[in-house]
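Engineer: Provide a 3D model corresponding to the input given below.
(one chain, ligands or ions: 1)
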Amino acid sequence: MFHLRGVDTDVVIDESTGVPTIVYWGAPLGDIDPSSIVQALARPVQPGSLDTVAPLSVLPEHGAGFQGRPGLTGSRQGGRHWSPRFELARATQLVTGVHVEAIDPIAQLRLDCVITLGDALSVRCTLTNEGATRYLLHALHPTLPLPAHAVELLTFDGRWTREFHPVRREWGSGVFLSENRAGRTSHEHMPLLYAGSGGFGEWHGEVWGVHLAWSGNHALHAEAMPDGRRYVQAGELLHPGELCLEPGQSYTAPTVLGTYGCGLTPASWGYHRYARHQQTRQQSPRPVLLNTWEAVYFHHDMDRLKGLASTAAALGVERFVLDDGWFGSRRDDTSGLGDWEVSAAVYPDGLTPLIEHVRGLGMEFGIWVEPEMVNPDSDLYRAHPEWALTTDGYEPVLARNQLVLDLANEGAFQHVFGQLDALLRDHDVQYVKWDMNRAHTQGSGSRGAAGSHFQTLAFYRLLDALRAAHSTVEFESCSSGGGRIDLEVLRRAERVWTSDCNDALERQTIQRGASMLIPPELMGAHIGPTRSHTTGRVHSLAFRALTAMFGHLGVEWNVLDLGDSERAQLAEAIALHQRFRDLLHSGDTVRFDPVLNGQEAASHAHGVYSRDRREALVAHVQLASGMSLLPPPLRLPGLDPAASYRIDQVPLPGAQAVWQHSGIELTGTQLAHHGLQLPRLHPESGLLLHLTAI
Ligand code: DGJ
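Structural biologist: Numbering: from 1, shown residues only. You can find the predicted model right below:
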């Protein structure tokens, strides 16, 4: 038995089951004999059941009698070896975990399971075909057990411009299944769920999180079995015949990451810790950027862009990002993808004059690319139609007039690498916004089988190769907004583009959901135009700034069009973020449960506490007009109970300070229990509170 101890979490593993079994995952247990858990939880055989109770191992086995969904499915020719049963070969203690090797001498398969408990619980399984014939792998889905009292699920629904919408549901019995075939992490099916004890909230109830760190197709399966046991399985979704293991070949399933905490807020810190520790080149402080997309779209014009850059620099912007439209024949979204050469028509002297202008203003220069794609109307496609990820004989389904490029094809890979490498070598670029704007459909690789698995690996390989060749460049993961946000891509990206929606009201929910996986400094958040381009809503600058400042701040707005007072307010908003960004980007994200009164939440609050709990920044947001005249008092659990805090309202640009209690001093205990009465606010506005321990 192996007893792993993490941050406020213990995990106990029984390796004797062959495929290891996590027999405990939850609150710290202290000094115990781990085998007493197995004894205490041993299940008696029941009438009407099999004569043995199959373990709920990390890859539960149908062959051992497991009646739920097996963790490994596959077969050899003729359907043989479809139901393997493994025995323990060796278990080796690692610094933070265990490596269990298990074999099935009959099916001639071998498993390597590495389970560690660091920032998060990590389960990584590798299957090797040790037989003399091909093994057709259908699924290798690591499985995490949940206790009987985890009876509620929190999952995330989404679509383009509306990512990460939390959905709570009771989980009495049966299966919750979420399947993603988009070939990217997807807007629609976040590979993330939380299960918790009944009525769990941000600061109460036990909560377990499960995330699949993978940017391709996936399935999440949560099952409450008729025998009373519960589990979540997370793994790559493979199309029929997509993956064959030839003799000697291995497949490593995407890593499954688990987190545990008392309340959703502390539970999500496990993922934040993990994501932060993966960051190796992220600059600090995070430079405020201006992105040209909603400012100019495809209308690139040197003088206009230089003007935009000069105005941005004067506002306090530190990085200028040139979005789509600078290359090939890309004057709109019908052509040019794949031709990563500067358009001579738009930039007769190349990009260097613009870059020098930007650098001369003291800003970094960033550039947009979409390396995995090709427009049929492009030089690349005309030269290499065979490099598209399509299926011979069928008319391909286009999306945004484009096709996916088969990066698992070495010729295509080297071509794209060569072009992007040259772009970064020939220009003074500090930042790349890497976009990916369509889902896979009927995309076959060179063997004729589905190509999403190898494409996902090739995407990682291409990004890794470019990062290795350009070791100081930062990368952003964008996919029509938040279509590729996961903790595997974030091992190779310094930021995600959270959503194409810059509407501050929509963003309140999107960012709240995203904060259940990623910390603020990785979450791209922009102050967009006064009238949102994706919803048509009009919001004050104060509300847009209050919303965007809780991420990695950017501006995506034609700042050339602003009047003097609006410009001054925008500069104020940027300075406000800069004043607090050390706290925002290093502290613990906190969310507070809204008071529901049987209705949709009219307001909500969130913030960041410094790690030492000496400082905090909290936003209260009026989402809609509620039934009660005043919002409920804001209670702030999780501060230092013994400390006294001074609480000040921070004025937002262009808005009046309306909180009558600004300057009040209260203890952490008081803030947790009776809280602070807030003023009446207009819908779609908010206020910012700064807490400092005295
Ligand atoms: C989708 C992205 O999410 C946008 O921010 C922008 O970069 C466009 N693509 C450009 O085509």
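
Engineer: all contacts plus neighbour counts: C-alpha atoms, from now on.
Structural biologist: Fine.

Engineer: which residues are contacting stretch 227-237?
Structural biologist: 71, 139-148, 179-181, 191, 210-212, 214, 216-224, 253-254, 256 (Cα atoms under 8 Å, 6 or more residues apart in numbering).

Engineer: now that stretch: buried residues?
Structural biologist: Of all the residues in stretch 227-237, those buried under the rule 16 or more other Cα atoms under 10 Å are 229-237.

Engineer: also stretch 309-328?
Structural biologist: For stretch 309-328, burial by neighbour count (16+ other Cα under 10 Å) applies to 309-313, 315-328.

Engineer: swap in stretch 169-178?
Structural biologist: By neighbour count on 16+ other Cα under 10 Å, the buried set for stretch 169-178 is 171, 175, 178.

Engineer: stretch 663-672: end-to-end distance?
Structural biologist: Using Cα to Cα, to the nearest Å, one end of stretch 663-672 lies 18 Å from the other.

Engineer: so how far is it from its chain's centroid?
Structural biologist: Between the centre of stretch 663-672 and the centre of its chain there are 34 Å (Cα atoms, centre = their mean, to the nearest Å).

Engineer: mean confidence for it?
Structural biologist: Here stretch 663-672 scores 98 as its mean pLDDT.

Engineer: in JSON lines: the buried residues of stretch 169-178, plus pLDDT.
Structural biologist: Shown next, in JSON lines, are the buried residues of stretch 169-178 (pLDDT from 0 to 100):
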{"residue": "W171", "pLDDT": "95"}
{"residue": "V175", "pLDDT": "97"}
{"residue": "S178", "pLDDT": "98"}
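
Engineer: closest to F66 out of those?
Structural biologist: Within the buried residues of stretch 169-178, the smallest distance to F66 is 15.6 Å, found for V175 (Cα to Cα).

Engineer: can you tell me the SS state at that closest one?
Structural biologist: Three-state call for V175 (DSSP: H, G, I helix; E, B strand; the rest coil): strand.

Engineer: returning to that earlier point: buried only: go through the contacts of stretch 227-237 for me.
Structural biologist: For the contacts of stretch 227-237, a burial check counting by 16+ other Cα under 10 Å picks out 71, 139-147, 179-181, 191, 210-212, 214, 216-224, 253-254, 256.

Engineer: sticking with the closest residue to the ligand within the stretch 501-650 of the chain, tell me its helix or strand.
Structural biologist: For the stretch 501-650 of the chain and the ligand, the shortest gap (Cα to the nearest ligand atom) falls at C501, measuring 8.8 Å. Using DSSP states H and E, C501 falls within no helix or strand.

Engineer: measure R5 to F543 for me?
Structural biologist: Going from R5 to F543 by Cα to Cα gives 43 Å.

Engineer: could you check which of those two is surrounded by more residues?
Structural biologist: Neighbour totals were compared for R5 and F543, and F543 leads with 23 against 19 (other Cα atoms under 10 Å).

Engineer: so who does the more buried one touch?
Structural biologist: Counting by Cα under 8 Å, 6+ apart, F543 makes contact with 504, 684-686.

Engineer: looking at those residues, which are in strands?
Structural biologist: Residues of the contacts of F543 located in strands (DSSP state E): 685-686.

Engineer: among the contacts of F543, which one has the most neighbours?
Structural biologist: Neighbour-wise, the contacts of F543 (other Cα under 10 Å) top out at A504, 30 neighbours.

Engineer: mind checking the SS state of the nearest residue to it once chain neighbours are set aside?
Structural biologist: Distances taken as Cα to Cα, 6 or more residues apart in numbering put R544 closest to A504, at 5.2 Å, once the chain neighbours are dropped. Classification of R544 using three-state DSSP returns helix.

Engineer: give me phi/psi at Q670?
Structural biologist: Dihedral pair for Q670: phi -60, psi -40, per degrees, to the nearest 10.

Engineer: going forward, the N-terminal residue is numbered 593.
Structural biologist: Sounds good: first residue 593 from here, last item Q1262.

Engineer: okay, the spatially closest residue to it that is not a sequence neighbour: pLDDT?
Structural biologist: Leaving aside its sequence neighbours, Q1262 sits nearest to P1233 (Cα to Cα, 6+ apart; 7.8 Å). Looking at P1233, its pLDDT is 98.

Engineer: dump the residue contacts of P1233.
Structural biologist: Contacts of P1233 (Cα under 8 Å, 6+ apart): 1259-1262, 1264.

Engineer: what strand or helix carries the one residue in the stretch 893-1042 of the chain that gets nearest to the ligand?
Structural biologist: At 4.8 Å from the ligand, D916 is the closest residue in the stretch 893-1042 of the chain, using Cα to the nearest ligand atom. For D916, there is no host helix or strand (DSSP H and E).

Engineer: so how far is R922 from it?
Structural biologist: Going from D916 to R922 by Cα to Cα gives 8 Å.

Engineer: quickly list what's touching both of those two.
Structural biologist: Both D916 and R922 are in contact with F890, where contact means Cα under 8 Å, 6+ apart.

Engineer: between the two ends of stretch 805-818, what distance do you get?
Structural biologist: By Cα to Cα, the extent of stretch 805-818 from end to end equals 29 Å.

Engineer: contacts for that stretch, please.
Structural biologist: Where contact means Cα under 8 Å, 6+ apart, the residues beyond stretch 805-818 that reach it are 660, 763-777, 783, 822-830, 846-849, 1044-1045, 1048, 1076-1081.

Engineer: repeat for stretch 1057-1064
Structural biologist: Contact with stretch 1057-1064 is made by 873, 1009, 1012-1013, 1016, 1022, 1065, 1084, as judged by Cα under 8 Å, 6+ apart.

Engineer: now, the most widely separated pair of these?
Structural biologist: R873 and F1009 (20.8 Å).

Engineer: need the contact list for E1257.
Structural biologist: E1257 neighbours (Cα under 8 Å, 6+ apart): 1236-1239.

Engineer: hey, what's it bridged with?
Structural biologist: When assigned by DSSP bridges, E1257 has beta-bridge partners R1238.

Engineer: so it versus A1211, what's the distance?
Structural biologist: Using Cα to Cα, E1257 is found at 18 Å from A1211.

Engineer: next: L745.
Structural biologist: Distance, L745 to A1211, by Cα to Cα: 26 Å.

Engineer: between those two, who's got more neighbours?
Structural biologist: The residue with more neighbours, out of L745 and A1211, is L745; 25 against 21, by other Cα under 10 Å.

Engineer: just the CA trace of stretch 1041-1049, in CSV.
Structural biologist: Extracted in CSV, the C-alpha atoms of stretch 1041-1049 (Å, rounded to 0.1, in the frame of the first residue of the first chain):
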residue,chain,number,x,y,z
ALA,A,1041,-8.0,6.1,-40.5
ALA,A,1042,-9.3,9.0,-38.4
GLY,A,1043,-6.5,11.4,-37.8
SER,A,1044,-7.4,13.5,-34.7
HIS,A,1045,-5.2,11.6,-32.3
PHE,A,1046,-2.0,12.0,-34.3
GLN,A,1047,-3.0,15.6,-35.2
THR,A,1048,-3.3,16.5,-31.6
LEU,A,1049,0.2,15.0,-30.9
